[in-house]
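Asker: Starting from these lines, generate the structure:
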Amino acid sequence: MNITPRDIAKMLDHSTLQPDLTQEDIRKGCEIALAYGTASVCARPGDIPLVTQLLQGSDVKVCTVIGFPHGNHKPEIKLAEARIALEDGCQELDMVLNIGRLIAGDTAYVQDEIQAICDLAHSRDTKVKVILETCYLTDEQKKLACGLCAQAGADWVKTSTGYGSGGCTLHDLRLMRACVPPSVQVKGSGGIRDLDTVLAARVIGASRCGVSATRKIMEEAKKRYAEGTLTEPMDLKEMEGGY
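Answerer: Numbers count the residues shown, from 1 in each chain. Below is the predicted model:
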């Protein structure tokens, strides 16, 4: 399959979530996203007014995180955070589900919270990605979480915040893709730092990857495209052994 650098760029949510970033860092992050035409900039909630201003008129979407990074905010707080984000111009919300409640088996609580965020977001034509934080879950719990997300109306299921004890794995992407219907997309995030991993995620069926190494990934994509070698990997077994 022929792949272009634009195809790769539109898989990337450029992440500017590190706690020590300054406003100048946020500006530089938006410049990177605009230069390559990424899918979105995923920024901290307090930065969204600036990000909205900087991305205005482009096709790079404004994204923020809800209940980040631990997911244990009260539902009312998550809803308030989502409402303010929408007022500030967000077009996508990446929310962390309540990890402890999921592990405890309180499925009604988890689904109701996700659905409340989805209902609010969808009423404003905004998409929702639900972060499972897979490093803390068994495969059965991941499957359960995917089912709850699909029932609640989530647009994506997402592996990780990048701030847990582990990040994205190809195993988790494959499992999640198998556990949600075609109407629900899959996003990998957490430790994705190179083009080969993005390409592997694409083969598995992920439509987005959260990354901060956007420049590195895109420069490699441009180089391979010029050489005629920007292609999907044929065999993922070796990669899955270490990722």
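Asker: Under the pLDDT cut-off, which ranges of this structure? List them.
Answerer: Applying pLDDT under 70 to the chain picks out residues 1, 237-243.
Asker: where do the helices sit along it?
Answerer: Taking DSSP state H as the criterion, the chain carries its helices at 5-9, 23-36, 48-55, 75-87, 99-104, 107-123, 139-152, 170-179, 195-204, 214-227, 237-242.
Asker: what comes up buried for the fourth one?
Answerer: Right, the one you point to is helix 75-87. For helix 75-87, burial by neighbour count (16 or more other C-beta atoms under 10 Å) applies to K78, L79, E81, A82, A85, L86. In short, each C-beta sits where N, CA and C put it, glycine included.
Asker: hang on, the third one packs against K74?
Answerer: This means E81. No: contact between E81 and K74 fails when scored by C-beta atoms under 8 Å: they sit 10.5 Å apart.
Asker: which one is G37 nearest to, not counting chain neighbours?
Answerer: Nearest non-adjacent residue to G37, counting by C-beta to C-beta, 6 or more residues apart in numbering: A9, 4.8 Å away.
Asker: From K223, how far out is the one you found?
Answerer: For A9, the distance to K223 (C-beta to C-beta, to the nearest Å) stands at 14 Å.
Asker: repeat for G191
Answerer: G191 is 22 Å from K223, by C-beta to C-beta.
Asker: more neighbours, the two?
Answerer: G191 (16 against 13; other C-beta atoms under 10 Å).
Asker: which ones are touching that one?
Answerer: Counting by C-beta atoms under 8 Å, 6 or more residues apart in numbering, G191 touches S160, G162, G166, G167, C168.
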